[in-house]
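*Asks:* Quick one: sequence and predicted model below, then my questions.
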Amino acid sequence: MENKKHGIDAGAAGALNIQLAPLAGISDAPFRLICFSMGASRCTTEMISAQGYLTAPKKSIGYKHLLAKFKGEGELYAQLFGKDPVFFARAAKNLEALGRFDGININMGCPAHKVVGSGSGSALMRDIKLAASIVAAVKKAVKLPVSVKMRLGWDSDISVPFAKMLEQEGADEIILHGRTKTMQFSGRVNLEAIGNVVQSVKVPVIANGDIFTLKDFRDTIIETHCAGVMVGRGALGNPFIFKEISSFIKGENYAAPDLRERVNLALYHAKMLAKWKGEDRAVLEMRKHFAWYIKGERGASQFRREINTLNSLQEVEKAFNLFIEGEGK
């Protein structure tokens, strides 16, 4: 099989977990459904504030959307962020009671200033005792599997001792982004460091960061021996990456989508979002996705400026058709 030829054992490859990352403003139910249809084995919700979820009005439309799960979605984890073990435990218990999630993910990796500024996300890697108490509290509160998403550290690599702590406190899985918080998304992920964590703990380790191509996936698996990968930015405008990876794992041929296929998927994505949130909001939220779906095509920059002035799906579809016709000349 092809995966064996590239240094990945076919049996082991079939057991790999290929996940979509929890991306704020991106990983909502429509996008997740598309990624599942392409072959993603698990998705995670956008970040949910543990405290905010517990204190928000029961009919809050924002949390209604964050907590939604569409028919047809596969294995879905809910991601919580915050800094208070009590809020974490209560929120996790409430999410479990909804009966729609397959696991709880604890965010200890987000580097965004508004998140770390409050002591959440990657900031928790600077307080190992607090991080430990959060994992222990969530594990005690729920029966669902608990995973933790982390980075290598704040400004230096403490990933091995931190991961060992997570395992000791009961984490069932560790998702490791191979950069420190201070690196943000600069430089390259440290695959050696991820591999060190894989060798240091018994729980599954999922590698995250810089999975943009099939080669990136293969290199990550071969160099780290991880239990799977989490795809984030590599899925923006390209959920087809899950189809490419899953085809590779199965030893099947993969044909890259042409422009028409990518446009058709973009429009399908938009129509799903419009049915869910209303057309006006869908057109606004889809503007970034539209740009990603045609990134790299001739005239994409000009088209992006044009699409940002349109207010209806009918106008968007007409613009896309003209764009495709222009590409064919």
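*Replies:* Structure's in. What do you need?
*Asks:* Could you use CA atoms for every contact and neighbour count after this?
*Replies:* Noted.
*Asks:* Now do N264 against A40, distance only.
*Replies:* Shown here: N264 relative to A40, a distance of 20 Å by C-alpha to C-alpha, to the nearest Å.
*Asks:* same thing with M125?
*Replies:* In terms of C-alpha to C-alpha, M125 sits 29 Å off from A40.
*Asks:* which ones are touching Y63?
*Replies:* By C-alpha atoms under 8 Å, 6 or more residues apart in numbering, the contact set of Y63 is Y53, A56.
*Asks:* And the pLDDT at it?
*Replies:* pLDDT for Y63: 87.
*Asks:* any low-confidence regions in the stretch 1-150 of the chain?
*Replies:* 1-15, 58 (pLDDT under 70).
*Asks:* ok, now which ones touch R304?
*Replies:* R304 neighbours (C-alpha under 8 Å, 6+ apart): R287, F290, A291.
*Asks:* next helix or strand past the one helix or strand A137 maps to?
*Replies:* Assigned by DSSP states H and E, A137 belongs to helix 128-141. Per DSSP H and E, the first helix or strand lying C-terminal to helix 128-141 is strand 146-151.
*Asks:* Excluding its own residues, what touches that following strand? List them.
*Replies:* 103-110, 122, 125, 138-139, 159, 166, 170-181.
*Asks:* and the angle from it to helix 128-141?
*Replies:* Going by axes from the mean of the first three to the mean of the last three C-alpha atoms, to 10 degrees, strand 146-151 is angled at 160 degrees with respect to helix 128-141.
*Asks:* Please name every helix or strand in contact with whichever helix or strand comes after strand 146-151.
*Replies:* Per DSSP H and E, strand 146-151 leads on to helix 159-168 as the next helix or strand towards the C-terminus. When contacts are defined as 3 or more C-alpha pairs under 8 Å, 6 or more residues apart in numbering; DSSP states H and E, helix 159-168 sits against helix 128-141, strand 173-177, helix 191-200.
*Asks:* nearest to G117, of these?
*Replies:* Ranking these by distance to G117, with C-alpha to C-alpha as the measure, places helix 128-141 first at 15.8 Å.
*Asks:* you'd agree I174 is up against M165?
*Replies:* No: look at I174 against M165 with C-alpha atoms under 8 Å: they stay out of range, at 11.0 Å.
*Asks:* Between these two, which is the more surrounded one?
*Replies:* It is I174, of I174 and M165, that has more neighbours when counted by other C-alpha atoms under 10 Å, with 26 against 18.
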